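[1] starting from these lines, generate the structure:
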Amino acid sequence: MRKKCIFCQHKVTAIDFKETALLGRFLSSWAKIKPARENGTCAKHQRKLKLAIKNARFMGLMPFTKG
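    Coordinates of the predicted model:
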């Protein structure tokens with residue numbers, strides 16, 4: 001059984017790159033973006049999530065790697 005998308009359940013329209021606590025849930029232990037099959041996100045929200053994480057990394061709010 002596939003997980004339900006957390007963003008669809010809460011009817012989220014935009015994912016903000018400044019919410020680093022939320023975005024951190026979708027990263028692996030090495031700060032890599034987890035795939036949608038592990039996150040349980042739908043394709044639409046996975047794309048928005050990817051852009052938000054990349055923007056947060058560019059702005060210096062999140063790490064590119066851990067190590």
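
[2] show me the biggest helix of this structure in terms of residues.
    helix 43-58 (DSSP state H).

[3] tell me what the helix or strand of the chain with the lowest mean pLDDT is packed against?
    In the chain, the helix or strand scored least confidently by mean pLDDT, DSSP states H and E is helix 36-39, which has a mean of 92. When contacts are defined as 3 or more Cβ pairs under 8 Å, 6 or more residues apart in numbering; DSSP states H and E, helix 36-39 sits against helix 43-58. No exception for glycine: its C-beta is placed from N, CA and C like everyone else's.

[4] next one: phi and psi at residue 27?
    phi -110, psi 150 (degrees, to the nearest 10).

[5] so it bridges to which residues?
    Here residue 27 sits in beta bridges with residue 33, going by DSSP bridges.

[6] that one contacts residue 35, correct?
    No. Contact criterion Cβ atoms under 8 Å: residue 27 and residue 35 do not qualify, at 11.7 Å.

[7] list the contacts of stretch 48-62.
    With contact meaning Cβ atoms under 8 Å, 6 or more residues apart in numbering, stretch 48-62 is reached by 7, 14-18, 20, 23-24, 26-27, 31, 33, 39, 41, 63-64.

[8] so how far is it from its chain's centroid?
    9 Å (Cα atoms, centre = their mean, to the nearest Å).

[9] list the buried residues in it.
    By neighbour count with 16 or more other Cβ atoms under 10 Å, stretch 48-62 contains the buried residues 48, 49, 52, 53, 55, 56, 57, 62.
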